[in-house]
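1. Curious how this folds, go ahead:
(4 chains)
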Number of protein chains: 2
Amino acid sequence: MLADFNPYHHFGFLTHRVARLMDQFMEPMLKSKGYHFPVSCIGILADLWSGDGITQKELGTSMVKTKSSVNKMLEALENHGLVTKKVDPDDKRNKLIFLTAKGHEFRELLEKQSLFYQSKYLQEHSDEEINIAKSVLKSIYLNLKDKVKTAY
Amino acid sequence: MLADFNPYHHFGFLTHRVARLMDQFMEPMLKSKGYHFPVSCIGILADLWSGDGITQKELGTSMVKTKSSVNKMLEALENHGLVTKKVDPDDKRNKLIFLTAKGHEFRELLEKQSLFYQSKYLQEHSDEEINIAKSVLKSIYLNLKDKVKTAY
DNA sequence: TCCTAATAGTTCATAAATGAACTAATATTG
DNA sequence: CAATATTAGTTCATTTATGAACTATTAGGA
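-> Sure, this is the predicted structure:
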């Protein structure tokens, strides 16, 4: 007979559910600010905040999303005036994605929310533990990111 | 001017991407074993491995998914002979979900994969760090789980 | 008890994400 | 320097996930 199954020992279980919970909390906040795009689009903004002027291809790899999905999300963000597409003068196949002023502003809102939830719901963990958790997740991400099928 | 944005400081960013990477690795494995259901269905199985005979409502709360989504996933798992639905004799509104023998077997496969990836892609972190990471994610999950809108 | 809430699950229309086929531009190679 | 292959992005058909309306059952209050 197998030992008891403990779902909390599996990053697959934990990351999926925590990710979904974050979406649930972020969504009404988005709506209340008049932004009617899917929460997943925030992932695109996060990449751009770390440095915009990147291609859709790069966004797709980073987000682990197909190019058609990225395209659709960008359309939504563009319609809300948060990003713009510019043809890359050095390689006209590429489109470089840039944040608008409004797209930059959005960042503050998100960081505020992020800090709020962390302080409210992670009181039982020290800053050190929280940082370890983040660094472990970062390692998984960086180690696996470039190993998924190249269809993206 | 704002400081640089570091996406690796945000659980929202990290959990979404790690979750997606796990899906990418799990999917071909599923297909190769002849299981043609969405990877997300594994979340249902995980709940059942920790104890089956639970309602669809409970699955929805745990998975942070709507009842219609849960219903669709169960349909897929049922078609693959991994779970069965039984009307709860004590409350005929409920349907209790049980694993079949095949559904139990599946667990071994998943745990093997889970361990394999962890050992392969988390070599730079100690067991202690990995456990801290899991416990932090678990706390976020447990603290937020029952606070999302009750529509689920 | 009877009448009204509330609840679990299903169904179906809609939204979101994907895969495959297509276009335009660049890279490669003979 | 053609001819072909590769690449980034778009478009559209299909799959997956959701929200809202509906059914059946139980709970709760007059």
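2. Hmm, residue A:86 is touching residue A:94, no?
-> No: counting by CB atoms under 8 Å, residue A:86 sits too far from residue A:94 to count as a contact (9.4 Å). (Glycine included, C-beta is placed from N, CA and C.)
3. Among the two, which residue is more densely surrounded?
-> Per other CB atoms under 10 Å in any protein chain shown, whichever of residue A:86 and residue A:94 has more neighbours is residue A:94, with 17 against 11.
4. Let me see the contact set for the more buried one.
-> Shown in contact with residue A:94 (CB atoms under 8 Å, 6 or more residues apart in numbering or on different chains): A:55-57, A:87-88.
5. Now with 7 Å, please.
-> A:55, A:88 (CB atoms under 7 Å, 6 or more residues apart in numbering or on different chains).
6. can you check the one 5 residues further on too?
-> Residue A:99 makes contact with A:48, A:52, A:82-83, according to CB under 7 Å, 6+ apart.
7. Can you pick out the most distant pair from the residues you listed?
-> Comparing every pair within the contacts of residue A:99 by CB to CB identifies A:52 and A:82 as the most remote, at 10.9 Å.
8. Look at the two and report which has more neighbours.
-> residue A:82 (23 against 17).
9. what sits against the residue most central in space within chain A?
-> By CA atoms, centre = their mean, chain A has its centre lying nearest to residue A:43, at 2.5 Å. Applying CB under 7 Å, 6+ apart, we find residue A:43 in contact with A:63, B:13, B:16.
10. Tell me which helix or strand the closest residue to the first one other than its chain neighbours sits in.
-> Taking CB to CB, 6 or more residues apart in numbering or on different chains, and ignoring the residues beside it in sequence, residue A:63 has residue A:43 as its nearest neighbour in space, at 5.1 Å. For residue A:43, the host element (DSSP states H and E) is helix A:41-49.
11. Now do that helix, average pLDDT.
-> Averaging pLDDT along helix A:41-49 gives 98.
12. Can you name the next helix or strand after it?
-> Next element after helix A:41-49 (DSSP H and E): strand A:54-55.
13. and that next one, what other elements does it pack with?
-> In terms of contacts (3 or more CB pairs under 7 Å, 6 or more residues apart in numbering or on different chains; DSSP states H and E), strand A:54-55 is packed against strand A:95-99.
14. can you give me the angle the strand it packs on makes with helix A:41-49?
-> Comparing the axes of strand A:95-99 and helix A:41-49 via axes from the mean of the first three to the mean of the last three CA atoms, to 10 degrees yields an angle of 90 degrees.
15. Strand A:95-99 and DNA strand C, any residue contact?
-> No: using CB under 7 Å from any atom of the strand, strand A:95-99 never reaches DNA strand C; the gap is at least 10.8 Å.
16. Buried ones in the helix-or-strand element of chain A with minimal mean pLDDT, by neighbour count?
-> When the helices and strands of chain A are scored by mean pLDDT, DSSP states H and E, helix A:101-121 comes last with a mean of 92. The neighbour-count check on helix A:101-121 (16 or more other CB atoms under 10 Å in any protein chain shown) flags A:103-104, A:106-107, A:110-111, A:113-114, A:117-118, A:121 as buried.
17. just how off-centre is that helix within its chain?
-> The chain centroid and the centroid of helix A:101-121 are separated by 13 Å, computed with CA atoms, centre = their mean, to the nearest Å.
18. Would you mind naming what in chain A lies close to DNA strand C?
-> Contact residues (CB under 7 Å from any atom of the strand) of chain A with DNA strand C: A:37-38, A:40, A:65-69, A:72-73, A:91-93, A:151.
19. ok so, going back, ok, so of the buried residues of helix A:101-121, who is nearest chain B?
-> Closest approach between those and chain B, by CB to the nearest CB: residue A:121, at 4.2 Å.
20. okay, the angle between the least confident helix or strand of chain A and helix A:41-49?
-> Going by the same axes, to 10 degrees, helix A:101-121 makes 110 degrees with helix A:41-49.
21. need the next SSE after helix A:101-121, C-terminal direction.
-> Criterion used, DSSP H and E; the element after helix A:101-121 is helix A:127-145.
22. Quick one: mean pLDDT for that following helix?
-> For helix A:127-145, mean pLDDT rounds to 97.
23. Need the contact partners of that helix.
-> Taking contacts as CB under 7 Å, 6+ apart, the residues outside helix A:127-145 that touch it are A:11, A:122, B:8-9, B:14-15, B:17-18, B:21, B:121-122, B:124-125, B:129-130, B:132-133, B:136-137.
24. buried ones in stretch A:129-139?
-> For stretch A:129-139, the neighbour count (16+ other CB under 10 Å) marks A:129-130, A:132-139 as buried.
25. Many thanks, I have nothing further to ask.
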